[in-house]
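[1] let's see this in three dimensions:
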Amino acid sequence: MTPTALATLGQIVVSLFKMYGLDAAAMFERHGVDPALLSNPNARIPARTWDSIARDAAAHIPDPAFGLLAARCWHPSNLGALGYAWLTSSTLRTGLGRVVRYWRLLGEASSTRLVESSAGLTIVLARQAPDPVASAVTADFVMSLLLDMCRMNAGSSLRPVAVRLRRMRPQDSEAYRRHFGCGVHFAADEDSITLSRKDVDRPLPTSNRQLAATLDRILAEQLAHLDKSDVVARCQAHLLDQLCSGEVSEDVMAEQLHMSRRTLQRKLAVADLTYQKLVDDTRRDLAMRHLEDPRHSVTDVTFLLGFSQQSAFTRAFKRWTGMSPSEYRAQRSLSAS
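    Alright, predicted model coming up:
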């Protein structure tokens with residue numbers, strides 16, 4: 001299956017091109033993309049086409065750091081439902097977790113992951129691009145966009161702890177230092193941004209937990225529909241919808257996905273998962289999210305996750321995190337203060 005990316009991301013590219021006086025419509029048409037497609041929230045464009053556009057732009061724009069200007073050109077609507085879900089996040093940690101979880105909606109040719117360390121929380125972009133020019137432009141574009149998303153929620157004064165880029169050091173590396181607000185390590189082994197724990201755990205003024213829950217359901221459904229063969233996404237979509245009514249058995253899930261239990265097990269094994277681990281991972285992520293909401297008591301969270309008894313939830317949460325729900329909530333409150 002050909003990897004694709006969300007077409008509305010092209011609106012960011014159009015604005016960026018206009019800053020340099022380029023005919024954006026002609027650029028897209030040259031690569032076989034109808035400019036009208038960029039306004040269709042359901043449309044997708046092959047990833048290889050995006051790479052071709054990135055190379056073309058690099059050939060016509062004299063500024064080698066032009067990808068950084070994506071930060072000035074984006075709007076939440078360019079990211080679809082994920083853009084609005086981002087705005088509702090209670091903390092940057094929650095928001096970045098949401099970005100990682102639904103990244104494939106933005107683009108299937110890359111992935112992101114979060115890494116916790118003593119330095120803070122790092123979001124890493126993983127992308128295999130055969131062309132170093134397209135790879136460098138894409139990394140500049142994505143890293144600047146991610147940082148500006150964080151600044152939109154947490155304030156423009158936000159500064160990363162560290163930025164690492166796989167691209168070689170450009171002649172004007174000072175442009176990168178000014179943009180990111182910190183030193184940039186070039187020719188690194190990854191493209192990543194690290195934020196301090198204090199910054200990622202600080203409560204955000206745009207938080208809206210009820211809307212976030214609604215948007216999460218929409219995003220889970222979109223992810224499931226993106227690739228019907230993605231059994232993990234389809235299982236998660238069903239679990240998000242049904243866990244509050246009690247745990248969904250493996251047999252019931254297989255029936256809902258119109259496959260045998262053995263077929264479900266085989267497909268999950270390809271992703272190095274068992275059904276129980278998938279249920280546990282989904283419950284753990286939901287539990288952490290609900291516990292960050294002071295309006296939910298531990299008893300509320302117990303039933304929202306489909307546990308019949310609070311003691312069972314507490315044992316499961318200790319197994320997942322090494323602490324009780326109350327201890328986790330207290331730790332989060334302390335780090336946010």
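[2] pLDDT weak spots in the stretch 51-200 of the chain?
    Per-residue confidence for the stretch 51-200 of the chain (pLDDT under 70) gives these ranges: 128-130.
[3] pLDDT score for Ala336?
    On pLDDT, Ala336 comes in at 60.
[4] please, where are all the helices along the stretch 1-150 of the chain?
    In the stretch 1-150 of the chain, the helices defined using DSSP state H, counting those that start in this stretch lie at 10-19, 24-30, 47-60, 81-87, 92-101, 103-106, 132-154.
[5] so for Asp230, which of those sits nearest?
    Among those, helix 103-106 comes nearest to Asp230, with 8.2 Å by C-beta to C-beta. Heads up, the C-betas are built off the backbone N, CA and C, glycines and all.
[6] just checking, what packs against the closest one?
    strand 4-6, helix 81-87, strand 110-117, helix 209-226 (3 or more C-beta pairs under 8 Å, 6 or more residues apart in numbering; DSSP states H and E).
[7] just checking, what packs against the longest one?
    Right, the one you point to is helix 209-226. Applying 3+ C-beta pairs under 8 Å, 6+ apart, one finds that helix 209-226 contacts helix 81-87, helix 92-101, helix 103-106, helix 231-242.
[8] in a markdown table, list the helices of the stretch 1-150 of the chain along with mean neighbour count.
    Shown next, in a markdown table, are those (neighbours: other C-beta atoms under 10 Å):
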| stretch | mean neighbour count |
| --- | --- |
| helix 10-19 | 19 |
| helix 24-30 | 16 |
| helix 47-60 | 18 |
| helix 81-87 | 21 |
| helix 92-101 | 21 |
| helix 103-106 | 20 |
| helix 132-154 | 21 |
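[9] with distance to Leu286 added, can I get those helices in a markdown table?
    Below are those laid out as a markdown table (distance: least, C-beta to C-beta, whole Å):
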| stretch | distance to Leu286 |
| --- | --- |
| helix 10-19 | 31 |
| helix 24-30 | 40 |
| helix 47-60 | 31 |
| helix 81-87 | 15 |
| helix 92-101 | 11 |
| helix 103-106 | 19 |
| helix 132-154 | 21 |
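[10] which among the ones you listed is found nearest to Gly322?
    helix 92-101 (17.7 Å).
[11] mind saving the C-alpha coords of that closest one as CSV?
    Extracted in CSV, the C-alpha atoms of helix 92-101 (Å, rounded to 0.1, in the frame of the first residue of the first chain):
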residue,chain,number,x,y,z
LEU,A,92,2.0,19.2,26.6
ARG,A,93,2.7,15.7,27.7
THR,A,94,-0.9,14.7,27.0
GLY,A,95,-0.9,16.6,23.7
LEU,A,96,2.3,15.0,22.5
GLY,A,97,1.1,11.6,23.4
ARG,A,98,-2.0,12.3,21.3
VAL,A,99,0.2,13.4,18.4
VAL,A,100,2.2,10.2,18.6
ARG,A,101,-0.9,8.0,18.9
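[12] about what we covered before: of the helices of the stretch 1-150 of the chain, which approaches Leu121 most closely?
    That would be helix 92-101 among these, by C-beta to C-beta, at 6.1 Å.
[13] tell me the helices and strands packed up against that closest one.
    For helix 92-101, the elements it packs on are helix 81-87, strand 110-117, strand 120-127, helix 132-154, helix 197-201, helix 209-226, helix 275-291, judged by 3+ C-beta pairs under 8 Å, 6+ apart.
[14] can you rerun that using 7 Å?
    Here helix 92-101 touches helix 81-87, strand 110-117, strand 120-127, helix 132-154, helix 197-201, going by 3 or more C-beta pairs under 7 Å, 6 or more residues apart in numbering; DSSP states H and E.
[15] how about the third one: buried residues?
    It refers to strand 120-127. 120-125, 127 (16 or more other C-beta atoms under 10 Å).
[16] please apply the same query to stretch 315-333.
    Per 16+ other C-beta under 10 Å, stretch 315-333 contains these buried residues: 316-317, 320-321, 325, 328-329, 332.
[17] run a quick neighbour tally on the residue nearest to Ala5 when sequence neighbours are not counted.
    Leaving aside its chain neighbours, Ala5 sits nearest to Gly107 (3.8 Å; criterion: C-beta to C-beta, 6 or more residues apart in numbering). For Gly107, the tally of surrounding residues (other C-beta atoms under 10 Å) stands at 21.
[18] I figured Ser111 hits Tyr102, correct?
    No - here Ser111 lies out of contact with Tyr102, judged by C-beta atoms under 7 Å, at a distance of 11.4 Å.
[19] with neighbour numbers in mind, choose between these two.
    Remark: of Ser111 and Tyr102, Tyr102 carries more neighbours, 25 against 14, as counted by other C-beta under 10 Å.
[20] residues near the closest residue in space to that one that isn't next to it in sequence, how many?
    Nearest residue to Tyr102 in three dimensions, chain neighbours excluded: Leu219, at 4.7 Å (C-beta to C-beta, 6+ apart). Leu219: 21 surrounding residues under other C-beta under 10 Å.
[21] I'm done for today, thanks for sticking with me.
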